[in-house]
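Chemist: Sequence plus the predicted model coming up.
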Amino acid sequence: MAAAIETHELSKDFLTGFWRPRPYRALDRLTLSVEQGEVFGFLGPNGAGKSTTLKLLMQLLYPTSGSASILGRPVGDPAVKHRIGFLPENPYFYDHLTAEELLTYFARLFGLRGPEVTTRVARVLDDVGLGAERRLRLRQYSKGMAQRVGLAQALLNEPEVVFLDEPMSGLDPLGRRHVRQLMLRLRDRGCTVFFSSHILSDAEALCSRVGIVAQGRLVASGRLSEILAFELRGWEVVVANLGDTLRERLQSRARSLTPLAHDRYMIELPPDAPPEQFLQELGAGGAQIVSLNPLRETLEDYFVQSVSGAASRETGL
Amino acid sequence: MRTIALVAGAVFKESVRDRVPYSMVAFAVLLIAASYLISQLTAGQDLKIIKDLGLAAISWFGLAIAIFIGIGLVSKEVERRSVYALLSKPITRGQFILGKYAGLVFTLVVNLSAMTVAFAAVLAYVDAVTAAGVKAGWPAPALDPRLLVAVVLTIAELMIVTAIALFFSTFSSPLLAALLTFGLWVAGHFNQDFRNFEVVLDVAPAVWLGRALYFLLPNLASFNLRAEVVHGIDVPARAVLLSLAYAAVYISILLVASVAVFRRRDFK
């Protein structure tokens, strides 16, 4: 079975400067493979090359070098376009059309005809949670509503591979939850989801694999379970009523002691310090334990390490 | 072909809901209606003034619509990024350009038809209220069929202008595309002067440059038969057909160039 998405040494240079244009490398030799049925998170800070990659895959940009294929065929192949969906970043559509009209137009471009168009359009609009607003002109839409229309048009042809550029952008918490559920439904249906984001909690909740780009380069990729070391990095205890004497006694043994609101403290302990003994000591000293949590490496930690590592390699520091 | 028709349909739907072309048509209709009042101020020239002003209004406001919508067709889509979602659908960049052009031409024809109907209504009114003796002195009847020929040639001219606007909008900003299109429209009306440049300056390179510009720039003056039609002078069918054939060739070249430029374009 062919990979859903494959790129080989894919690079893109943009010319910058008016009088003496010089090439600026936005994407540098990206080699990546995404299997069918995967939810792949393409992560990176702003300007890392995420949207450039998606535009190259959609052939909105032509590569300077390298190649890319979707479902075993070169990008831009008309047959491939029937099998994919794409949500651009901050999508914008025609001011004077309604969501229904826009989707009807796009459905016909996919070759749908007659009552099938109406049924399909109504279903995807329901899926993304657009109600009566679907008959409003698109220029009256809020950013979140436009994002939902963007999602609806990406799912219109029941695609095998969906490319989503910052799908959570502009959505309120309810909208984000809705989109997360939608992406999981797509995964359950066997659809490959390739989405770019810099919101790591979304990636952690949804992805089977991630790739991290920084300054145009893929700095890490793999399964979340492989990337993140799940060993214990310490303990985090939140306490109230911590007296001065007790605080001074604990200060030397804790990795850090941070005052919080409402006279509470957050104490970070090293992994080798047994928390049971520590909790007993706190109780005996009259402190009230609010919470105790193990500290493990998160995707955010990994992301920060990868991205700052790439930045220091770039600057030579 | 179906894809091109779908894009054209969307352009038409989007354009007819835009208020700006409506207001331009409304202005033109007002001007045509006002031409009747203006004609009352001149003795014996009433009909000529109405015809002249009416045809000019159709041409000017048609030009404004062609440039206004034409430049927005592609450059605004790129600027606002609405083209991203569209081009990820099963549509080639060539189909996109041709569909946009067809949609705009259709919009233009509908708008110009509305203005022509208003023009015909004013002329019919003048014809109805004018005494037979006065009518006998007119060089041509009020509802002269040759007026339609003038309108058809205006549409052909505006189709060239639209193709120019579309061409520029495939690689430049809306404002620059509007300025370049308007500049070419003005130059296109003085194109004959380039052909006979030796009359002005008889220096070989200048004459060659003049000739080159004559062939390169659109010859829009040949589409202006307003003076002949207003004065009731016969317009040879051959000249009209030649102008239409010229328009077809010029538009085809511009569309091929637009597609070629747009196909290579990167959307940053």
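Modeler: Arrived safely, thanks for sending. Residues are numbered from 1 along each chain as shown, chains lettered A, B, ... in the order given.

Chemist: which stretches of chain A form strands?
Modeler: For chain A, applying DSSP state E gives strands covering A:5-16, A:22-34, A:39-43, A:65-70, A:73-74, A:84-87, A:161-165, A:192-197, A:209-214, A:217-223, A:232-240, A:256-259, A:264-269, A:288-296.

Chemist: now the helix or strand harbouring residue B:186: mean pLDDT?
Modeler: Taking DSSP states H and E as the definition, residue B:186 sits inside helix B:174-189. The average pLDDT for helix B:174-189 rounds to 88.

Chemist: Kindly report the same for stretch B:258-265.
Modeler: Here the average pLDDT along stretch B:258-265 is 93.

Chemist: For that stretch, what is the distance to the chain centroid?
Modeler: Centroid separation for stretch B:258-265 versus its chain: 24 Å, with Cα atoms, centre = their mean, to the nearest Å.

Chemist: Backbone dihedrals for residue A:62, please?
Modeler: Phi and psi for residue A:62, reported as degrees, to the nearest 10, are phi -100, psi 140.

Chemist: The longest helix along chain B - contacts with which helices or strands?
Modeler: Looking across chain B with DSSP state H, the single longest helix is helix B:93-129. Judged by 3 or more Cβ pairs under 8 Å, 6 or more residues apart in numbering or on different chains; DSSP states H and E, helix B:93-129 is in contact with helix B:2-16, helix B:19-39, helix B:46-80, helix B:82-87, helix B:146-169, helix B:237-264. (Each C-beta comes from the backbone N, C-alpha and C, glycine too.)

Chemist: Direction-wise, compare it with helix B:2-16 and give the angle.
Modeler: 50 degrees (axes from the mean of the first three to the mean of the last three Cα atoms, to 10 degrees).

Chemist: next one: helix B:93-129 to chain centre, how far?
Modeler: 10 Å.

Chemist: what's downstream of that helix, the next helix or strand?
Modeler: Using DSSP H and E, the helix or strand that directly follows helix B:93-129 along the chain is helix B:132-136.

Chemist: Could you list the residues in contact with that following helix?
Modeler: Contact with helix B:132-136 is made by B:127, B:141-142, as judged by Cβ atoms under 8 Å, 6 or more residues apart in numbering or on different chains.

Chemist: Show me how far it is from its chain's centre.
Modeler: 34 Å.

Chemist: Can you show me the CA trace of it as PDB?
Modeler: Taking Å, rounded to 0.1, in the frame of the first residue of the first chain, the C-alpha atoms of helix B:132-136 are listed here in PDB:
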ATOM      1  CA  ALA B 132     -43.600  63.700 -37.900                       C
ATOM      2  CA  GLY B 133     -42.400  66.900 -39.500                       C
ATOM      3  CA  VAL B 134     -39.400  67.200 -37.200                       C
ATOM      4  CA  LYS B 135     -38.600  63.500 -37.500                       C
ATOM      5  CA  ALA B 136     -38.300  64.000 -41.300                       C
END
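
Chemist: what mean pLDDT would you report for stretch A:116-127?
Modeler: The pLDDT scores in stretch A:116-127 average 91.

Chemist: Tell me which residues of it come out buried.
Modeler: Across stretch A:116-127, burial judged by 16 or more other Cβ atoms under 10 Å in any protein chain shown covers A:117, A:120-121, A:124-125, A:127.

Chemist: Return the set of buried residues in stretch A:85-105.
Modeler: Within stretch A:85-105, the residues that count as buried by 16+ other Cβ under 10 Å are A:85-89, A:91-95, A:97-105.

Chemist: restrict those residues to those near chain B?
Modeler: A:85-88, A:91-95, A:97, A:101, A:105 (Cβ under 8 Å from any Cβ of the partner chain).

Chemist: Among the residues you listed, name the ones in helices.
Modeler: Per DSSP H, these map to helices at A:101, A:105.

Chemist: Save the ones next to chain B among the buried residues of stretch A:85-105 as TSV, and put in pLDDT too.
Modeler: Output for these, formatted as TSV (pLDDT from 0 to 100):
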residue	pLDDT
A:85	93
A:86	94
A:87	93
A:88	91
A:91	82
A:92	84
A:93	83
A:94	84
A:95	83
A:97	88
A:101	92
A:105	94
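
Chemist: for the ones next to chain B among the buried residues of stretch A:85-105, which one is nearest residue A:241?
Modeler: residue A:87 (50.5 Å; Cβ to Cβ).

Chemist: tell me the domain ranges of chain A?
Modeler: For chain A, automatic domain parsing gives the domain ranges A:5-227, A:232-296.

Chemist: Quick one: end-to-end length of the first one, please.
Modeler: Translated: domain A:5-227. In domain A:5-227, first residue to last residue: 21 Å (Cα to Cα, to the nearest Å).
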